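>>> I need the structure of the sequence given here:
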Amino acid sequence: MWPCVSSTKAKLERRSPLAANAFLATNMQPITLAADMKKMFLLSMIISFAMICSCQKQDSAAEQQQLAQRKTEVDTRETALIERLNALDEKVNALDKK
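You can find the predicted model right below:
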C-alpha cells in the first residue's frame, strides 16, 4: 500500500472503522490507466473526426452556392454572345442583300 493511503487509513480507523472501509473501497480500485487512455484516445479521435466532417459539409455548401453563381454568370454571358451573333448574322444578311 502507498504511504499516504496507509496513513490516511490508520487515521480513519482510529475515528471510525466504517469510514476506513469506505475510503479503501473508493480509493483502492485497480489501476486501469491503459483502458482509460484508450477511451480518451478514442473519444478525441471521434470528436476530431466529427469536427472535420462538419467543416467539410460547410465547405461543400459554400462551394455549391459559388457554383450556382458561376453558372448564372456563364448563362448570362452565353445569352449575350448569342444575341451578338444574331446581330452579326442580320448585318451580314443585310449586306448580302445590297
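>>> what about Thr79, helix or strand, and which?
Taking DSSP states H and E as the criterion, Thr79 maps to helix 33-97.
>>> what about Leu33, how many neighbours?
Using other C-beta atoms under 10 Å, Leu33 has 8 other residues around it. For the C-beta atoms, the positions are set from N, CA and C on the backbone; glycine is no exception.
>>> hmm, back to that, now for the helix holding Thr79, which elements pack on it?
Helix 33-97 is packed against no helix or strand, with contacts defined by 3 or more C-beta pairs under 8 Å, 6 or more residues apart in numbering; DSSP states H and E.
>>> any idea how this protein splits into domains?
By the assignment in automatic domain parsing, the chain contains the domains 1-30, 32-98.
>>> By mean pLDDT, show me the worst of these.
Lowest mean pLDDT within the domains of the chain: domain 1-30, a mean of 53.
>>> List the residues that contact Lys38.
For Lys38, the contact set (C-beta atoms under 8 Å, 6 or more residues apart in numbering) is empty.
>>> Next: Leu33.
If you count contacts by C-beta under 8 Å, 6+ apart, Leu33 has none.
>>> now it: how far from Lys39?
11 Å (C-beta to C-beta, to the nearest Å).
>>> Could you do Gln69 as well?
To Lys39, Gln69 is 46 Å away according to C-beta to C-beta.
>>> again with Met45
11 Å.
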